[in-house]
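Enquirer: Based on what follows, work out the 3D shape:
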Amino acid sequence: MTAHDVAEELHQQALDLSDEGREDEALALYRQVLELDYARPTTHYNIGLIHKYRGEWAESQRHNQFAVDLDPEDEAANWNLAIAATARKDWRTARAAWHRLGLRIEPGDTPIESDLGITPVRLNPDESAEVVWARRIDPVRARLINIPYGESGFCYGDVVLHDGAAVGHREYEGREYSVFNVLELFEPSPNSTYEAELRVSGQADVEELLALLDERDIACEDWSQSVRILCRQCSEGHPHEEHEPQPVELDEHSPVRVIAIAGPDEAAIRQALDDWSTTNRQLTRLDQILQAEEFDT
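Expert: Modelled structure (predicted):
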């Protein structure tokens, strides 16, 4: 067997190990492959892929860069190079990769701050996944515009780094959007997450509170109405009627409602709730369920 044949066989063995989740063993074999033939773009790409999902961005960028240098037209390697470079805030490398992919992004050393529309993203895809909506600011970064559950570890306004491959779809106003898995928190927002339990006389009271909070630029959502849970099959595919429970239909006069509120100033939130309260409607509980992550100002 030639060195090329041995390298090809080892590469396939490593690929099989990776598919089985035996990543350390796969990496060891991939390194043997490169000792035999360093100019193998697919091997560099596969090594970079393992490091991407581990969040080991320097190694992911290094091997995807090798893959791209060897095959500049490789779309997947360029995407993963751009993701790793973005994670490391290497904007020049990221911009160059997007340009090779045909995206209208100019060269430079500054962060990309665009408005590429809305997208659903899946938080914690390997754990208790939650899909929320976000606004894309570049091809793989998006700012959350829903209020996630506290246990997600993410807050309203966080900027997340997400993958480039779609895993499932969601529909909004008649249009279908791809869902992207979040890789990590890129930049935390200053917003903590609160859960407010209200006693109301009807839905009109809730709507009035939501409008008041909106007027004061305080993010809020009616969790009594807007949350739904999907099976994994639907979450990662096309949700369909049989497996897509709808929000609980509450009686118009149900006295207890739960809303989510997000903001940096608990005092301002409490003031808004106090201004809304009357003898017929009031706050019965306000819990901070996730504190904003500390970050440098």
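
Enquirer: In CSV, list the C-alpha atoms belonging to stretch 193-210.
Expert: These are the backbone C-alpha positions of stretch 193-210, laid out as CSV (Å, rounded to 0.1, in the frame of the first residue of the first chain):
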residue,chain,number,x,y,z
THR,A,193,-34.8,37.8,33.6
TYR,A,194,-37.9,38.0,35.9
GLU,A,195,-41.0,36.0,36.2
ALA,A,196,-44.1,38.0,37.4
GLU,A,197,-47.2,36.3,38.7
LEU,A,198,-50.3,38.5,38.4
ARG,A,199,-53.8,38.4,39.7
VAL,A,200,-56.1,40.0,37.1
SER,A,201,-59.7,40.4,36.2
GLY,A,202,-59.2,39.4,32.6
GLN,A,203,-56.9,39.5,29.5
ALA,A,204,-57.4,43.2,29.1
ASP,A,205,-55.4,43.8,32.3
VAL,A,206,-52.5,41.8,31.0
GLU,A,207,-52.5,43.6,27.7
GLU,A,208,-52.5,46.9,29.5
LEU,A,209,-49.4,45.9,31.5
LEU,A,210,-47.6,44.6,28.4
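
Enquirer: Name the residues of that stretch that come out as buried.
Expert: Buried residues in stretch 193-210, counting neighbours by 16 or more other CB atoms under 10 Å, are found at 193-196, 198, 200, 203, 205-206, 209-210. Glycine gets a C-beta too; all of them are placed from N, C-alpha and C.

Enquirer: Farthest pair within those residues?
Expert: Using CB to CB, the buried residues of stretch 193-210 span at most 23.1 Å, a distance reached by 193 and 203.

Enquirer: sorry, back to before: narrow the buried residues of stretch 193-210 to those in helices?
Expert: Mapping the buried residues of stretch 193-210 onto helices (DSSP state H) picks out 203, 205-206, 209-210.

Enquirer: Out of the residues you listed, flag the one nearest to residue 43.
Expert: Nearest to residue 43 out of those is residue 210 (CB to CB; 53.8 Å).

Enquirer: Surely the closest one touches residue 222?
Expert: Yes: when contacts are counted by CB atoms under 8 Å, residue 210 is listed as touching residue 222 (6.5 Å).

Enquirer: Mutual contacts of the two, please.
Expert: residue 259 (CB atoms under 8 Å, 6 or more residues apart in numbering).

Enquirer: Can I get the helix or strand containing residue 261 in CSV, CA atoms only?
Expert: If you go by DSSP states H and E, residue 261 is part of strand 256-263. Backbone C-alpha positions of strand 256-263 (Å, rounded to 0.1, in the frame of the first residue of the first chain) are rendered in CSV as follows:
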residue,chain,number,x,y,z
VAL,A,256,-53.7,34.2,37.6
ARG,A,257,-51.3,35.0,34.7
VAL,A,258,-47.5,34.6,34.4
ILE,A,259,-45.4,37.0,32.3
ALA,A,260,-41.7,37.3,31.7
ILE,A,261,-39.9,40.6,32.0
ALA,A,262,-36.3,41.4,31.1
GLY,A,263,-34.3,44.4,32.0
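
Enquirer: Okay, buried residues for the next helix or strand after it please.
Expert: Downstream of strand 256-263, the first helix or strand assigned by DSSP H and E is helix 266-276. Judged by neighbour count using 16+ other CB under 10 Å, the buried positions of helix 266-276 are 269, 272-273, 276.

Enquirer: now do stretch 151-165
Expert: Within stretch 151-165, judged by 16+ other CB under 10 Å, the buried ones are 152, 154-164.

Enquirer: Where do the strands of the stretch 101-250 of the chain begin and end?
Expert: 118-123, 130-138, 141-144, 159-172, 175-187, 192-199, 219-221 (DSSP state E, counting those that start in this stretch).

Enquirer: could I have the fourth one exported to CSV, CA atoms only?
Expert: In CSV, the C-alpha atoms belonging to strand 159-172 read as follows (Å, rounded to 0.1, in the frame of the first residue of the first chain):
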residue,chain,number,x,y,z
VAL,A,159,-25.6,38.0,21.4
VAL,A,160,-25.0,34.4,20.5
LEU,A,161,-22.7,32.6,18.1
HIS,A,162,-24.7,30.0,16.1
ASP,A,163,-23.8,27.3,13.6
GLY,A,164,-24.2,27.7,9.9
ALA,A,165,-26.2,24.5,9.2
ALA,A,166,-29.9,24.6,9.7
VAL,A,167,-31.5,22.0,12.1
GLY,A,168,-35.2,22.3,11.7
HIS,A,169,-37.6,25.1,10.7
ARG,A,170,-40.1,27.5,12.2
GLU,A,171,-42.9,29.5,10.5
TYR,A,172,-43.7,33.1,11.2
